[in-house]
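Enquirer: show me how the following folds:
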Amino acid sequence: MSRTKGGTVTHARHRKVVKAAKGYYGRRKSTFKVARQAVDKANQYATRDRKVRKRNFRALWIQRINAAVRMHDEALTYSRFINGLNLAGIEVDRKVLADLAVNEPEAFTAIVKQAQASLAA
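Expert: As a prediction, this is how the structure comes out:
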């Protein structure tokens, strides 16, 4: 049996990597060996930063909730507010609370009052 050359498959694999490196600087976009390293590192960053993005958004929501709560009552902290929500049986996540604080201040005020009432009781 004669030998099969794999040039077509190899070329396709190389082309796929170089295409993924489009927009990179210098040899990173055109040379397969360097482009493969750059694309592999970019994929590592992308995988890691999908987790980091979730972390950053949660921190942003907490900051927004804390600022909005303190506008209602200077002595009420974020952690006491969340404790009051738990005691009142209100199950609203931080993303929704932050959105309410920014876009629906009246609704957020009502939630804050309920949380304060449950803390006082």
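Enquirer: tell me the pLDDT of the residue located most distally from the centre of the chain.
Expert: Farthest-out residue of the chain from its mean C-alpha position, per CA atoms, centre = their mean: Met1, at 55.1 Å. With respect to pLDDT, Met1 has a value of 83.
Enquirer: please renumber the chain so that the first residue is 11 from this point on.
Expert: Renumbered: residue one is now 11, and that last one reads Met11.
Enquirer: which stretches of the chain form helices?
Expert: Taking DSSP state H, the helices of the chain run over residues 17-30, 42-82, 88-98, 104-113, 115-130.
Enquirer: tell me which of those sits nearest to Gly36.
Expert: Among these, the nearest to Gly36 by CB to CB is helix 42-82 (8.1 Å). From N, CA and C alone the C-beta is placed, and that goes for glycine too.
Enquirer: now that closest one and helix 88-98, what's the angle there?
Expert: Following axes from the mean of the first three to the mean of the last three CA atoms, to 10 degrees, one obtains 70 degrees for the angle between helix 42-82 and helix 88-98.
Enquirer: how far off centre is helix 42-82?
Expert: Offset of helix 42-82 from its chain centre (CA atoms, centre = their mean, to the nearest Å): 5 Å.
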